[in-house]
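Chemist: dropping the sequence and predicted coords here.
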Amino acid sequence: MQAWVIGNWKQNPATSHDVNALLDDLLSAVSEKQGSDAAGCQLMVAPSCIHIAAVSDRLKGSSVLSAAQDISAYSASTGAYTGDCSAQQIADAGATWTILGHSERRQYHQESHDCLLQKMTHALAQNLGVVFCIGETQAQYDAKETLAVIDVQLSVIKDLLAQNPKLAKDLSARLIIAYEPVWAIGTGKVPTVAEVSATHQHIKQTLTGFNSELDNMTVLYGGSVNADNADSFAADSMIDGALVGGASLKAESFLAIAHAFSRAMA
Ligand code: PEP
């Protein structure tokens, strides 16, 4: 199984100039490292919607994939949905994946179970892979509700399969779960590796329980991963990679995280 290290650029960088500077750094470091310790780790970046076409174009021919951070819930293609970008438009712009259900979308845009089920259906219908984010808040963690919260969030996948059981066969190649405790995102606080490992084990077992075809799902950890702590997460066999926010905005720290996972996979 290969590791995945995915950069969520959120609403950054501010200008096309800065996007290009980040890509310059990333692409020159990736081409220097090709065949060395960057191998064995699939890299992906998720820029803002406005930058997806330009970023995807520049990544063509490289080993780095591009993803959206979100897609429209209302239509997979076109319609009167001001401000939305559809899965078809994202795919046409050159991205091959989309993040869905990030805690910032759940918090600021009130994304519900039904909304995420719609988005996931649209993404898969347009052949976009999905990085599905789940995770508990600080209060839920303190109340030891992590697994219960995750079970509710994962039920989107159960419902997706109930609607279309044929999806199960290909889902392990088209769906990645990112476990991101909300309290660890952008805070510098991280759960212990043992806690993440146990939660990932629960996620993997739950998915296999939905359908035996989902017995090999990729589960990433996200939340304040950086160049200094990446090795400890990478060393655990339940952690298949990382979803990285802040540290993905510098090529050096993003690639240091990728190298930690590559070394662990070797
Ligand atoms: C994220 O937003 O998905 C994330 C993991 O952010 P950070 O790495 O900055 O905590």
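Modeler: Noted; the coordinates are in hand. Numbering: from 1, shown residues only.

Chemist: any idea how far I176 is from Q205?
Modeler: The span separating I176 from Q205 equals 17 Å under the rule CB to CB, to the nearest Å. Heads up, the C-betas are built off the backbone N, CA and C, glycines and all.

Chemist: L26 now?
Modeler: The spacing between L26 and Q205, counted by CB to CB, is 35 Å.

Chemist: which of these two has more neighbours?
Modeler: Summary of the neighbour comparison: L26 and Q205, criterion other CB atoms under 10 Å, with L26 having more neighbours (24 against 10).

Chemist: secondary structure class for that one?
Modeler: Here L26 is helix, with the state taken from DSSP: H, G, I helix; E, B strand; the rest coil.

Chemist: which residues touch the closest residue to Q118 other than its chain neighbours?
Modeler: By the measure of CB to CB, 6 or more residues apart in numbering, the closest residue to Q118 outside its immediate chain neighbours is A73, 4.4 Å from it. Contacts for A73 were tallied using CB atoms under 8 Å, 6 or more residues apart in numbering; they are 84, 115-116, 118-119, 122.

Chemist: how about N164?
Modeler: T121.

Chemist: please apply the same query to A235.
Modeler: Applying CB under 8 Å, 6+ apart, one finds that A235 lies in contact with 193, 264.

Chemist: again, only this time at 6 Å
Modeler: By CB atoms under 6 Å, 6 or more residues apart in numbering, the contact set of A235 is A264.

Chemist: roughly how far apart are K189 and D170?
Modeler: 36 Å.

Chemist: what parts of this structure come near the ligand?
Modeler: 8, 180, 185-186, 222-225, 243-247 (CB under 6 Å from any ligand atom).

Chemist: how near is the residue nearest to Q118 to the ligand?
Modeler: Using CB to the nearest ligand atom, to the nearest Å, A73 is found at 20 Å from the ligand.

Chemist: which secondary structure element contains that residue?
Modeler: Using DSSP states H and E, A73 falls within no helix or strand.

Chemist: roughly how far does it sit from M120?
Modeler: When CB to CB is applied, the distance between A73 and M120 equals 10 Å.

Chemist: which residues are in contact with each of those two?
Modeler: Residues touching both A73 and M120 (CB under 6 Å, 6+ apart): none.

Chemist: where does C133 sit: helix, strand or coil?
Modeler: Recorded secondary structure, C133: strand (three-state DSSP).

Chemist: tally of neighbours for the closest residue to I99 other than its chain neighbours?
Modeler: Counting by CB to CB, 6+ apart, V131 is the residue found nearest to I99 once chain neighbours are left out, at 4.6 Å. Close neighbours of V131, defined as other CB under 10 Å, add up to 28.
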